[in-house]
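Undergrad: sequence plus the predicted model coming up.
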Amino acid sequence: MPSTNLYLNFNNPTQFIEGWYWTLPSNKLKIGQVKAITLLGRNLAIYRGVSGQVVAIDAYCPHMGAHLAEGNVEGDNIRCFFHNWKYNERGICVDIPSLEKPLPVCIKTWHTAEKYGMIWVWVGEEKPSSLPFVLELEQADCDYILGTRFVKNCHPNVLLINAIDAHHFNTVHNLPLEIVFDSQDLNPNAITFSNTTRGGDDSWLIRLIRPLYRKEVTYSMCYWYGSTGTVTLGPDFLHFYIIFALRMIEGGKTEGQTILVTPKRPGFLGWVVNRGLLWLTQQVGNYFAKGDTQVFQTIQFNLQTPTKADKSILQFIQHVNHQKALTWEKWETVNYSNSQIPSTPNSELTLIEQEKNGFKI
Ligand code: FES
Ligand SMILES: [Fe+2]
């Protein structure tokens with residue numbers, strides 16, 4: 001049985017998992033532009049230098065505290081608006097106009113990367129781990145579009161488990177299938193859930209399309225850093241890929257962005273086909289998002305009475321609770337030894353209920 005200090009991360013509004021987080025669409029930050037963003041409670045300036053490289057830097061100038069997003073990009077550097085101190089892409093002060101030599105001051109910068117049309121920032125103390133990616137497309141050149149941007153009244157962890165909430169596919173989305181997930185750790189920061197579907201014989205749709213593919217449907221979800229989920233969905237001959245990039249905002253709520261992805265297809269025809277496929281992928285994503293919208297405005301997540309069908313959810317909770325956590329705004333490593341066991345219901349009760357209901361995660 002896991003030790004009690006493993007129950008601190010899931011659905012916790014004061015801390016989050018060290019990892020990559022989405023910030024801005026790449027095309028919203030042109031060369032020479034700087035923008036203010038707030039990421040996981042911390043204010044940053046994010047700019048694109050002349051080399052094309054994106055720099056994410058703590059917002060406030062160490063001289064007098066002006067927000068650097070008020071300043072100007074010069075080459076790959078940023079110059080503060082207020083008294084024109086200049087910082088390079090590593091945050092080191094390289095020029096103070098009133099002094100002959102700059103003072104030895106610097107500002108913290110954060111690793112950035114661009115993938116699927118999005119700028120991602122590594123929020124962590126350790127060296128960055130892998131960026132989230134779609135498993136089947138790890139090596140592939142991809143086409144993508146950004147889908148819906150949304151805010152939900154619940155924690156990102158809670159929103160993400162919807163994708164592996166097996167029972168609700170019947171009750172909310174009317175799919176006549178019994179979905180059973182197998183989970184597998186992809187790496188220390190990512191876990192996959194893949195379906196082995198059953199049933200569905202009563203459905204004319206399933207009977208009609210069954211000869212076309214080997215399995216009923218592929219459905220798998222890969223969770224990265226407890227905050228970004230990549231869904232693969234469809235019959236063998238056509239897989240749809242949807243990324244749910246989430247981040248926690250004030251009050252433990254969620255701001256999210258969907259990204260629709262498909263492998264690049266050659267030529268003009270390939271381009272046209274991909275526009276159609278990406279549009280279709282968006283409709284698939286919308287269909288699944290729509291049925292649950294209202295629940296996530298009002299839910300007070302509290303898995304007091306798990307059943308067998310909730311097994312994957314418990315596995316995900318355990319996965320999240322094993323990740324390294326940082327504090328909201330300060331981005332400091334959570335020191336578990338000083339933490340108290342939370343009185344949240346997803347801790348001991350869940351384990352007790354598991355035993356009672358005859359299964360263990
Ligand atoms: S506050 Fe930035 S240079 Fe003075
Ligand atoms: Fe759903």
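TA: Here it is on my side, so go on. Ligands and ions are numbered 1, 2, ... in the order given.

Undergrad: the chain - how does it break down into domains?
TA: 1-18+129-361, 29-123 (automatic domain parsing).

Undergrad: which of these comes out lowest on mean pLDDT?
TA: Lowest mean pLDDT within those: domain 1-18+129-361, a mean of 84.

Undergrad: does residue 285 touch residue 233 like I think?
TA: No: contact criterion C-beta atoms under 8 Å: residue 285 and residue 233 do not qualify, at 9.1 Å. Quick note: C-beta positions are derived from backbone N, CA and C, even for glycine.

Undergrad: where along the stretch 1-150 of the chain do the strands fall?
TA: 15-17, 19-25, 34-39, 42-48, 54-58, 72-74, 77-79, 86-87, 93-95, 109-110, 112-115, 118-123, 142-152 (DSSP state E, counting those that start in this stretch).

Undergrad: out of those strands, nearest to residue 129?
TA: Evaluated over those, closeness to residue 129 peaks at strand 19-25, with 7.3 Å, by C-beta to C-beta.

Undergrad: thought residue 257 was touching residue 149?
TA: Yes: assessed by C-beta under 8 Å, residue 257 is found in contact with residue 149 at 4.9 Å.

Undergrad: who has more neighbours, these two?
TA: Higher neighbour count among residue 257 and residue 149: residue 257, with 21 against 11, using other C-beta atoms under 10 Å.

Undergrad: quickly find the element holding that one.
TA: strand 253-263 (DSSP states H and E).

Undergrad: so that strand versus strand 118-123, what angle?
TA: Compare the direction of strand 253-263 with that of strand 118-123 by axes from the mean of the first three to the mean of the last three C-alpha atoms, to 10 degrees and you get 130 degrees.

Undergrad: what packs against strand 253-263?
TA: Applying 3 or more C-beta pairs under 8 Å, 6 or more residues apart in numbering; DSSP states H and E, one finds that strand 253-263 makes contact with strand 142-152, helix 156-160, strand 240-249, helix 267-292.

Undergrad: between the ones you listed, which one is nearest to residue 326?
TA: Closest among those, using C-beta to C-beta: strand 240-249, at 11.3 Å.

Undergrad: ok, now which ones touch the residue of the stretch 201-350 of the chain at minimum distance from ligand 2?
TA: Here the residue of the stretch 201-350 of the chain nearest ligand 2 is residue 292; by C-beta to the ion that distance is 4.1 Å. By C-beta atoms under 8 Å, 6 or more residues apart in numbering, the contact set of residue 292 is 162, 168, 172.

Undergrad: residue 152 versus that one, what's the distance?
TA: 10 Å (C-beta to C-beta, to the nearest Å).

Undergrad: residue 220 too?
TA: 23 Å.

Undergrad: same question for residue 263.
TA: 30 Å.

Undergrad: of the two, give the one with the bigger neighbour count.
TA: residue 152 (21 against 17).

Undergrad: which ones are touching the more buried one?
TA: Residue 152 neighbours (C-beta under 8 Å, 6+ apart): 159, 253, 254, 256, 296, 297.

Undergrad: hmm, residue 245 and the first one touching each other?
TA: In other words, residue 159. No: between residue 159 and residue 245 there is no contact under C-beta under 8 Å: 11.5 Å.

Undergrad: ok so, going back, check the strands of the stretch 1-150 of the chain for me and report the most buried one.
TA: The highest mean neighbour count among the strands of the stretch 1-150 of the chain, using mean count of other C-beta atoms under 10 Å, belongs to strand 15-17: a mean of 25.

Undergrad: write out the residues of the protein neighbouring ligand 1.
TA: 61, 63, 64, 66, 80, 82, 83, 85 (C-beta under 6 Å from any ligand atom).

Undergrad: filter the residues you listed to the buried ones?
TA: 61, 66, 80, 85 (16 or more other C-beta atoms under 10 Å).
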